[in-house]
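Trainee: Sequence first, predicted model second:
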Amino acid sequence: MSASVASCYLGFDFSTQQLKVVAVDELLNVIHQNHVHFDSELPEFRTKDGAHIHSDQLTVTSPVMMWVKALDIILEKMKKDGFDFSSVKALSGCGQQHGSVYWKKGACQVFESLDPGKPLHEHLQGVFTVPDSPIWMDSSTTDQCQKLELAMGGAQKLSDITGSRAYERFTGNQIAKIYKTYPDEYKKTERISLVSSFAASLFLGKYAKIDYSDGSGMNLMDIFRKQWALPCLGLTAPELKDKLGIPVPSAAVQGPISPYYVSRYGFSSNCKVVSFTGDNPGSLAGMRLQEGDIAVSLGTSDTVFLWIKEPKPANEGHIFCNPVDCQAYMALICFKNGSLTRQRVRNECAGGSWDAFSEALCCTPMGNNGNIGIHFDVMEITPSAIGVYRFNKENEKVNRFSDETEIRALVEGQFMAKRLHAEKLGYKIIPGTRVLATGGASSNNDVLQVLSDVFCAPVYTIDTTNSACLGCAFRAKHGIVAETGVSFAEAVRHAQEPKLVAIPSPGAEKIFEPLLKRYAELEKKLFENSVSERKEETGAK
Ligand SMILES: Nc1ncnc2c1ncn2[C@@H]1O[C@H](COP(=O)(O)OP(=O)(O)O)[C@@H](O)[C@H]1O
Ligand SMILES: O=C(CO)[C@@H](O)[C@H](O)COP(=O)(O)O
């Protein structure tokens, strides 16, 4: 239920497994939360964890109508809970990054005649040229990536402009594949949105513009000039500039809410829609990340991100425009084998119970007696390798561990990878370092204790695991004053400070220093083997 307030702000998150919403009052206290879980509440779309994995095991999509229907459902749930839509001054939101939505020519006109008596999904049948949107879990565009890097003069050259070398899930490479596979549908497309700008469009009743921060995850934008990199557009697909629209600041007000929501739900016609952004940029805002902090998000994907002032794009990781400060940037590393791998091991080794999973972490020693696990159930992003590998303290490969050892090996391995790759990006853990944890698995304090031990640093969380939603509610509040020069930090100064939840156990540093070195060597070998196996498969030299 929600308390009645004079004014409030909404933040939505169209993430991989669910749609979530948070409302905050003027003092940034959370007054309402809700969610729609795709697999269980929209079973007609037959998704598993919010997505469809295709038979090639590389193509991964989500039905775009599932997201539209989820919006109908969440707003109905809020109405049922007595949420007062008339008090919403502004709303914003975010979406899983990199996913793309393809609108048919004329789709925009449908928005002009929405009947408030009908749910949105009834109006939007048939307005998408590609009903199954490629999402971030897709890794089927290696060809497109290789072509883009080659034509741009190499991976580093592409990274110097767009902030990242070519990545399979990045939207430009996905668009290039859509153009090649479905040329007719591409031709019939008048607008291509990211999941974030698609969601904003639903509220605006017109095409929303892509914001700088989420636009950085496309391999198409010059992150320094904050405009499309025309050579990249040209190499991707024809007439792309028109289909993408102009990118805008993440704090920009994109317009008032569509009259449809005013009539159907009682929103004020003055309610502003602030640019939607990516879910990781949304989390950066929600945790009010400061320079020197490191954020670890444990959602469907695991990500690590940092606030940076002087970006140095490299061959690993990504540089995105910062969502709350146009002068700054954020660095991000993404790991595909996050919560879904933890869930798989929980089901196999802990009878499907998080409590039993936690129990295993508590009854095994830090450092796991030298046993190390590397769990890449699906082709990992960082590094690009696949398979499950177990090593004893002599670095010998073993086939299996006991259930408890397996659980600790998984969690320690995942966190050692995060520390290792963050340090490769130049991050240093120094006295005063705060690790800010968020995402579904950050509700598990035993998991966070391992995080603290591996990083040898204190771990903090905020009250909600939905930092992306919260951050977007904060961004909504900031958005309406941003043009007058008010900084994000100033606009959210009343927000609660993160709370300390774990400190490193005595002796953690001594145990993890040598283990981290071993993990780095083992992972490097796996990566090298994976590269040579792929070369053999493709017959490349
Ligand atoms: N107690 C727990 N311990 C560990 N992981 C958990 C726990 N509760 C939920 N999770 C994980 O959280 C994940 C969902 O996280 P969330 O951040 O909501 O994902 P997304 O935003 O990508 O949809 C689930 O897949 C689940 O594995
Ligand atoms: O690909 C990335 C970031 O580059 C992912 O982090 C997606 O943005 C999905 O986010 P979650 O649903 O796992 O939060």
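Mentor: Yes, it's here. Predicted, not measured: the structure shown is a model, and the values here were computed from it. Ligands and ions are numbered 1, 2, ... in the order given.
Trainee: Count the neighbours of Asn29 for me.
Mentor: Burial of Asn29 is recorded as 15 neighbouring residues (other C-beta atoms under 10 Å). All C-beta atoms are positioned from the backbone trio N, CA, C, and that covers glycine.
Trainee: So, low pLDDT: which residues of the stretch 151-300 of the chain?
Mentor: The model of the stretch 151-300 of the chain has no residue with pLDDT under 70.
Trainee: which residues of it fall in helices?
Mentor: 155-162, 171-181, 183-187, 195-204, 212-215, 230-236, 240-244, 259-265, 279-286 (DSSP state H, counting those that start in this stretch).
Trainee: So for Met65, which of those sits nearest?
Mentor: Met65 lies closest to helix 195-204 among the helices of the stretch 151-300 of the chain, at 11.6 Å (C-beta to C-beta).
Trainee: ok, which residues in the stretch 301-450 of the chain are in contact with ligand 2?
Mentor: In this structure, the stretch 301-450 of the chain approaches ligand 2 at residues 301, 303, 332, 334, judged by C-beta under 6 Å from any ligand atom.
Trainee: now the angle from the host helix or strand of the last one to helix 279-286?
Mentor: Cys334 is part of strand 329-335, with elements assigned from DSSP states H and E. Put simply, strand 329-335 runs at 130 degrees to helix 279-286, going by axes from the mean of the first three to the mean of the last three C-alpha atoms, to 10 degrees.
Trainee: close to ligand 1, is strand 329-335?
Mentor: No - figure legend: strand 329-335 not in contact with ligand 1 (C-beta under 6 Å from any ligand atom); closest approach 11.7 Å.
Trainee: Run through the neighbouring helices and strands of that strand.
Mentor: helix 279-286, strand 302-308, strand 318-321, helix 403-424 (3 or more C-beta pairs under 8 Å, 6 or more residues apart in numbering; DSSP states H and E).
Trainee: now that strand against helix 403-424, angle please.
Mentor: Using the same axes, to 10 degrees: strand 329-335 against helix 403-424 is 150 degrees.
Trainee: Tell me how confident the model is about strand 329-335, as a mean pLDDT.
Mentor: Averaging pLDDT along strand 329-335 gives 97.
Trainee: Lys105 reaches Lys187, doesn't it?
Mentor: No - Lys105 lies out of contact with Lys187 (C-beta atoms under 8 Å); the separation is 9.1 Å.
Trainee: Quick check, the residue in this protein closest to ligand 1?
Mentor: Distances between the chain and ligand 1 by C-beta to the nearest ligand atom are smallest at Gly440, namely 2.0 Å.
Trainee: hmm, back to that, now tell me what touches the helix or strand following the strand holding Cys334 from outside.
Mentor: Moving toward the C-terminus from strand 329-335, the next helix or strand (DSSP H and E) is helix 339-349. By C-beta atoms under 8 Å, 6 or more residues apart in numbering, the residues outside helix 339-349 that reach it are 49, 298-302, 352-354, 356-357, 360, 375, 377, 403-404, 406-407, 410-411, 414, 439-441.
Trainee: buried stuff in helix 339-349?
Mentor: 339-343, 345-346, 349 (16 or more other C-beta atoms under 10 Å).
Trainee: Grab the CA positions of it and hand them over as CSV.
Mentor: In CSV, the C-alpha atoms belonging to helix 339-349 read as follows (Å, rounded to 0.1, in the frame of the first residue of the first chain):
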residue,chain,number,x,y,z
SER,A,339,22.2,-15.0,-10.9
LEU,A,340,21.1,-17.7,-13.3
THR,A,341,24.3,-19.7,-12.6
ARG,A,342,23.9,-19.2,-8.9
GLN,A,343,20.3,-20.4,-9.2
ARG,A,344,21.5,-23.5,-11.1
VAL,A,345,24.0,-24.4,-8.5
ARG,A,346,21.5,-23.7,-5.7
ASN,A,347,19.1,-26.1,-7.3
GLU,A,348,21.7,-28.8,-7.8
CYS,A,349,23.6,-28.5,-4.6
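Trainee: Looking at that helix now, give me its mean pLDDT.
Mentor: Average pLDDT, helix 339-349: 98.
Trainee: Does that helix reach ligand 1?
Mentor: Yes - against ligand 1, helix 339-349 shows contacts by C-beta under 6 Å from any ligand atom at 339, 342-343.
Trainee: Quick one: the helices of the stretch 151-300 of the chain as TSV, columns for mean neighbour count and distance to Asn399 too.
Mentor: Formatted as TSV, the helices of the stretch 151-300 of the chain follow (neighbours: other C-beta atoms under 10 Å; distance: least, C-beta to C-beta, whole Å):
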stretch	mean neighbour count	distance to Asn399
helix 155-162	21	36
helix 171-181	23	37
helix 183-187	14	46
helix 195-204	27	40
helix 212-215	29	42
helix 230-236	18	44
helix 240-244	18	49
helix 259-265	19	56
helix 279-286	32	36
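Trainee: now these as CSV including distance to ligand 2?
Mentor: Putting the helices of the stretch 151-300 of the chain into CSV (distance: least, C-beta to the nearest ligand atom, whole Å) gives the following:
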stretch, distance to ligand 2
helix 155-162, 13
helix 171-181, 11
helix 183-187, 23
helix 195-204, 9
helix 212-215, 9
helix 230-236, 18
helix 240-244, 19
helix 259-265, 25
helix 279-286, 5
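Trainee: could I get those helices as JSON lines with distance to Cys8?
Mentor: Shown next, in JSON lines, are the helices of the stretch 151-300 of the chain (distance: least, C-beta to C-beta, whole Å):
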{"stretch": "helix 155-162", "distance to Cys8": "37"}
{"stretch": "helix 171-181", "distance to Cys8": "32"}
{"stretch": "helix 183-187", "distance to Cys8": "40"}
{"stretch": "helix 195-204", "distance to Cys8": "16"}
{"stretch": "helix 212-215", "distance to Cys8": "24"}
{"stretch": "helix 230-236", "distance to Cys8": "39"}
{"stretch": "helix 240-244", "distance to Cys8": "32"}
{"stretch": "helix 259-265", "distance to Cys8": "14"}
{"stretch": "helix 279-286", "distance to Cys8": "16"}
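Trainee: Nearest to Glu533, out of those?
Mentor: Closest to Glu533 of the helices of the stretch 151-300 of the chain is helix 155-162 (C-beta to C-beta; 20.2 Å).
Trainee: Kindly export the closest one (C-alpha atoms) in CSV.
Mentor: Coordinates of each C-alpha in helix 155-162 appear next as CSV, following Å, rounded to 0.1, in the frame of the first residue of the first chain:
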residue,chain,number,x,y,z
ALA,A,155,39.1,-3.0,-31.8
GLN,A,156,41.0,-0.2,-30.1
LYS,A,157,40.1,2.4,-32.7
LEU,A,158,36.4,1.5,-32.3
SER,A,159,36.7,1.6,-28.6
ASP,A,160,38.4,5.1,-28.7
ILE,A,161,35.3,6.4,-30.3
THR,A,162,32.4,4.4,-28.9
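Trainee: Centre of the chain to it, how far?
Mentor: Distance, stretch centre to chain centre, for helix 155-162: 22 Å (C-alpha atoms, centre = their mean, to the nearest Å).
Trainee: Helix, strand, or coil at Leu114?
Mentor: Secondary structure for Leu114, judged by DSSP: H, G, I helix; E, B strand; the rest coil, is coil.
Trainee: Can you report how many residues neighbour it?
Mentor: The number of residues near Leu114, taken as other C-beta under 10 Å, comes to 19.
Trainee: show me the contacts for the spatially closest residue to it that is not a sequence neighbour.
Mentor: In space, and not counting its chain neighbours, Leu114 is closest to Tyr260: 4.1 Å by C-beta to C-beta, 6 or more residues apart in numbering. Tyr260 is in contact with 111, 114, 116, 120, 205, counting by C-beta under 8 Å, 6+ apart.
Trainee: swap in Cys334?
Mentor: For Cys334, the contact set (C-beta under 8 Å, 6+ apart) comprises 136, 301-303, 318, 381-382.
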